[in-house]
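Trainee: Sequence and predicted structure are below.
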Amino acid sequence: MFLSEVTNQAGTFFHLVPWAVLFPVIGLVLNMAFGRRWGEKGVALVAVTASGLAFVVAVLLWLSLRAHPEGAVIQVASWMTLVQVDWAFRVDTLSVTMMLVVGGVGTLIHLYAVGYMHYDVRYKGDPGRYSRFFVFLNLFIAAMMILVSGNSYLMLFVGWEGVGLCSYLLIGFWFEYDTHGRPSVANAQAGNKAFIANRIGDFGFMAAMFYMFAVFGTLNFDRIFAEAPAVAHSHPQALLVITLLLLLGVTGKSAQIPLYVWLPDAMAGPTPVSALIHAATMVTAGVYLITRSHVLYDLVPAAQHTVALVGALTALFAATIAVGQYDIKKVLAYSTISQLGFMVAAAGVGAYVAAMFHLITHAFFKALLFLAAGSVIIAMERAHHPLPEEGGHDAHHGEDPEGFDPQDMRYMGGLRKVIPVTFWTYLIAGLTLAGIPPLAAFFSKDEIIAETKAAYPLVYWLLVAAAFLTAFYIGRQIFLVFFGQPRSHAAGHAKESPWTMTSVLVTLAALAAAGGLLNWPQPYLAAWLGHTLGEVEAAGLNPVVAGTSATIAVVSLLLAWWLYGRRPLPTPETPDPLKALLGPIFRGMEAKWWVDELYWAVVINPYMALCRLSAAFDVWVIDTAVNDAAWLTDFVGELVARWQTGYVRNYALSIFVGVLLIFTYLLWR
Amino acid sequence: MVSTNYVLILSATLFIIGVAGVLTRRNALVIYMAVELMLNAANLAFVAFASAFGALDGQIAVFFVMTVAAAEVAVGLAILVTIFHTRQSVDIDSLHQLKG
């Protein structure tokens, strides 16, 4: 049965779904109009309420779906009638799962940002920008809700572009600074990089949509999925091309090889943005896209293999880079890329439930990691130069050296004593990421690894290696940041963040710890998503795989302790112990394997050369032609202008002579 | 009855005097009078032909010309007065701002 046949059901909340988009839109409009007048408290109240109401809508939809798991399609308005695309929202178990994640994590991060941005706008010296931040954040929630609830690829694309825009706006939120707060264009460039890398992915998505429309004559999910088996039979190549083009879109949005390079730079945005957009929600849109298109992928095994391989390679590659980073947020950024690789790999082997499961648990623990990292950064920053309202004298009276960077883990150390709440929540999130039972990611990651083991051994081994590195780099990070002795004045005098921030951390820590219950011991999530994805066999916990990966995680954490915990680094200048152990390999990890440099050499510099060539052509050929034409006109004009004496007499004479000539002609004809 | 030829010769003479006036004089008022002379030379030719061919068309045309000339006088003199107000002269050669 098509979902579109069930358009109106009494006694459900399905018709409320547009409000998931409208509430954030109302919030952002209010804040845009009155934000400056209302002050920080008013702005925060409106923004958090708007996001919270969107979450309430998602919860109501969830309640209705429990009774009517077949879902509904809610038509709001007709849009492009020519291509038969309407503004229609799709309520099913998959979209509502995403809406719950977006609304829930989004609201928590809104709450956290209330406290975080209070300090951030003061350190950057522009408190007026507080309301703008929440306008963008609400816009993001609205766009993300459109993305996950659209009933066609075109509507999904609207949300897809909307979140991309918000990502760009928020990466460049402090567009006149770099990440250290110095005047620079670095943040603006990071925003551009993200936007342009995403354009390449969007090109793939759009090409896929054009091709889909050519093949299926529609962009509506139900109709495409209904006709897909027939098309797979008659035009197998068409589906392969479509799915691979969609994969290009996924590599852009979900930061997979080869387009992942934008995500680490995207950390230039304020930390709540890194948590919400660049870890928990937006970057998972690609995983959602593959899961939503599972009918297409299931029909093309070659595309599935490609997806799985891209995901697994990304998972391992990004994990190696994460090991060699010193910036607390950069480690998490590469960790996000790596974890997204896990999800994409899972989607590639057809384990959509495992992918969604990991998406949800990842949203919890990675948002928590980023928010806790933000709490660490703010604590460092506050100790480095206290605000006037906290007894500070003026900016930069810290006793730390000029090169001090509040995000550099080498300047931290011993923070567990001064910011205990942040430490404990960070520890829980870190152990979750490492895959220590019984925390959430242990179950979700193991489900992925267990599914790939049967389906695709190469992917399995890549993911196991990535899981080993995951536990190692997060262990390294925790030991560097929280253990040992403070390696700077700021680290020794850090203060715990206010309750608006820590309460969110504690909530997310509870979710990250208990998130595994979603699909274990009862496969609730599998049954729930099965309503949308078709019959899914419950994977269950494979004791061999689970035992192996738990052992790997523990061994890896012990290795991290042996290197970083046993003998903590004494000063910021001490070289990383791994450097002696791995030598040039570590230098590669540290330098991100020179991928950015490679892209410069292979793509950007040739492109710049082409640009310079075009500019030269413009100057020497086109401009010359235009200038010469102008010169010719000017010259002829000068010549002819001598006729225009300005004396009426001469004009009269010329008229007279003209009349005479005409008469002469008429007479002598 | 005077021969039409003589009348036409007179008309042509008047017209040429008018043209010469327009082309040679610098005082706008005089040029204006010369233009009137040309108009009336044309009128004379009209009535001469009208009487020669016994048709009324020429005479009607004369009335039109006279009416238009009267209107033209009103507009033209107003312009002249304005020019005099701004430049304190009606010397046509001082008005050559349209020189290219």
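Mentor: Arrived safely. Numbering: from 1, shown residues only, chains lettered A, B, ... in the order given.
Trainee: Could you find the closest non-adjacent residue to A:Phe23?
Mentor: A:Leu53 (4.2 Å; C-beta to C-beta, 6 or more residues apart in numbering or on different chains). For every residue, glycine as well, the C-beta is placed using N, CA and C.
Trainee: Count the neighbours of that neighbour for me.
Mentor: Residues near A:Leu53, counting by other C-beta atoms under 10 Å in any protein chain shown, number 19.
Trainee: my guess is it meets A:Leu22, correct?
Mentor: No - at 9.2 Å, A:Leu53 does not count as touching A:Leu22 under the criterion of C-beta atoms under 8 Å.
Trainee: C-alpha coordinates for the lengthiest strand in chain A, CSV please?
Mentor: Secondary structure of chain A per DSSP state E: the longest strand is strand A:72-80. Provided in CSV are the C-alpha atoms of strand A:72-80 (Å, rounded to 0.1, in the frame of the first residue of the first chain):
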residue,chain,number,x,y,z
ALA,A,72,1.0,9.2,6.5
VAL,A,73,1.7,11.8,3.9
ILE,A,74,0.5,15.3,4.8
GLN,A,75,0.0,17.5,1.8
VAL,A,76,0.5,21.2,2.5
ALA,A,77,0.5,22.9,-0.9
SER,A,78,1.1,22.0,-4.5
TRP,A,79,4.4,23.2,-5.7
MET,A,80,5.8,22.3,-9.1
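Trainee: Leaving out chain neighbours, which residue sits closest to residue 32?
Mentor: Using chain A. Using C-beta to C-beta, 6+ apart, the nearest residue to A:Met32 is A:Val135, at 5.3 Å.
Trainee: wait, chain B
Mentor: B:Gly76 (6.1 Å).
Trainee: Assign A:Gly484 to one of the three secondary structure states.
Mentor: Look at A:Gly484: counting by DSSP: H, G, I helix; E, B strand; the rest coil, its state is coil.
Trainee: mind checking the SS state of the residue lying closest to it once chain neighbours are set aside?
Mentor: For A:Gly484, ignoring the flanking residues on the chain, the nearest one in space by C-beta to C-beta, 6+ apart is A:Pro568 at 2.5 Å. When classified by three-state DSSP, A:Pro568 comes out as coil.
Trainee: I'd assumed A:Phe483 was in contact with A:Pro568.
Mentor: Yes - between A:Pro568 and A:Phe483 a contact is recorded at 5.9 Å, counting by C-beta under 8 Å.
Trainee: okay, those two: which has more neighbours?
Mentor: Ranked by neighbour count (other C-beta under 10 Å), A:Pro568 and A:Phe483 place A:Phe483 first, with 18 against 15.
Trainee: List the residues that contact that one.
Mentor: Going by C-beta atoms under 8 Å, 6 or more residues apart in numbering or on different chains, A:Phe483 touches A:Gly413, A:Gly414, A:Arg416, A:Tyr564, A:Gly565, A:Pro568.
Trainee: phi, psi of the residue nearest to A:Gly484?
Mentor: As for A:Pro568, its main-chain torsions (degrees, to the nearest 10) stand at phi -60, psi 150.
Trainee: and it, how far is that from A:Leu480?
Mentor: 8 Å (C-beta to C-beta, to the nearest Å).
Trainee: so what sits against both of those two?
Mentor: Counting by C-beta under 8 Å, 6+ apart, the shared contacts of A:Pro568 and A:Leu480 are A:Gly413.
Trainee: what residues are shared contacts of A:Pro568 and A:Phe483?
Mentor: A:Gly413.
Trainee: need the residues of the stretch 1-150 of chain A near chain B, please.
Mentor: Residues of the stretch 1-150 of chain A lying close to chain B (C-beta under 8 Å from any C-beta of the partner chain): none.
Trainee: got the residue ranges for the strands in the stretch 401-550 of chain A?
Mentor: Using DSSP state E, counting those that start in this stretch, no strands are assigned anywhere in the stretch 401-550 of chain A.
Trainee: would you list every one of the helices in it?
Mentor: For the stretch 401-550 of chain A, applying DSSP state H, counting those that start in this stretch gives helices covering A:415-418, A:420-434, A:440-455, A:457-482, A:489-492, A:499-514, A:524-533, A:543-560.
Trainee: winner for burial among those helices?
Mentor: Highest mean neighbour count among the helices of the stretch 401-550 of chain A (mean count of other C-beta atoms under 10 Å in any protein chain shown): helix A:440-455, with a mean of 26.
Trainee: Need the mean per-residue confidence for that one.
Mentor: Averaging pLDDT along helix A:440-455 yields 87.
Trainee: packing partners for that helix?
Mentor: helix A:301-323, helix A:328-348, helix A:352-384, helix A:420-434, helix A:457-482, helix A:499-514, helix A:543-560 (3 or more C-beta pairs under 8 Å, 6 or more residues apart in numbering or on different chains; DSSP states H and E).
Trainee: Tell me how far the lengthiest helix in chain A lies from the chain's centre.
Mentor: The residue-count maximum for a helix in chain A (DSSP state H) belongs to helix A:18-67. Remark: helix A:18-67 is offset 21 Å from the chain centroid, using C-alpha atoms, centre = their mean, to the nearest Å.
Trainee: and it with helix A:524-533, angle?
Mentor: Put simply, helix A:18-67 runs at 110 degrees to helix A:524-533, going by axes from the mean of the first three to the mean of the last three C-alpha atoms, to 10 degrees.
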